[in-house]
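>>> Have a look; sequence and predicted model below, questions after that.
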Amino acid sequence: MKLTTEQQQTVIQRLQYFLNKSCDCGAHNWILNDKIFELREFQGGGLVIGGESSVFPVITVTCKDCGYTYFFNAILLGVIEKSDGQTK
């Protein structure tokens, strides 16, 4: 799901402390993805939709130099509401 401009601003504001840091490789060259992704619980290689499987909505920040990718919980960033999974 693509973030709106308002949601992107919320993410930037909430992650400002992180975006000012250097990557473990020493670079300070971040790419903030403008989409929310789903991180699903591993179920032995099979795709499980619904039911008891856990799904975490995440926003990624990637180092442009080494490719290391950090995942941030979209609920805790205030972009997705926990109760119904709907965007704000």
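Great, that's in hand.
>>> From now on I want contacts and neighbour counts done on CA atoms only, so please keep to that.
Will do.
>>> now the strands for this protein?
30-32, 37-40, 55-63, 69-73 (DSSP state E).
>>> could the ones you listed go into CSV alongside mean neighbour count and distance to N20?
Converted to CSV, the strands of the chain look like this (neighbours: other CA atoms under 10 Å; distance: least, CA to CA, whole Å):
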stretch, mean neighbour count, distance to N20
strand 30-32, 17, 9
strand 37-40, 15, 23
strand 55-63, 19, 12
strand 69-73, 15, 14
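>>> Can you check which of those strands gets nearest to Q13?
Among the strands of the chain, the nearest to Q13 by CA to CA is strand 30-32 (12.1 Å).
>>> If you average pLDDT per helix and strand, which one of this structure comes out bottom?
The weakest-scoring helix or strand in the chain, judged by mean pLDDT, DSSP states H and E, is strand 37-40 (a mean of 87).
>>> That one - which strands sit beside it in the sheet, and in what orientation?
Partners of strand 37-40 in the sheet, by DSSP bridges, are strand 55-63 (antiparallel).
>>> before we move on, back to that, could you dump the least confident helix or strand of the chain to CSV, C-alpha only?
Output of strand 37-40 as CSV, limited to C-alpha atoms (Å, rounded to 0.1, in the frame of the first residue of the first chain):
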residue,chain,number,x,y,z
PHE,A,37,4.7,-4.0,3.4
GLU,A,38,3.5,-7.1,5.2
LEU,A,39,5.9,-9.2,7.2
ARG,A,40,4.2,-12.6,7.7
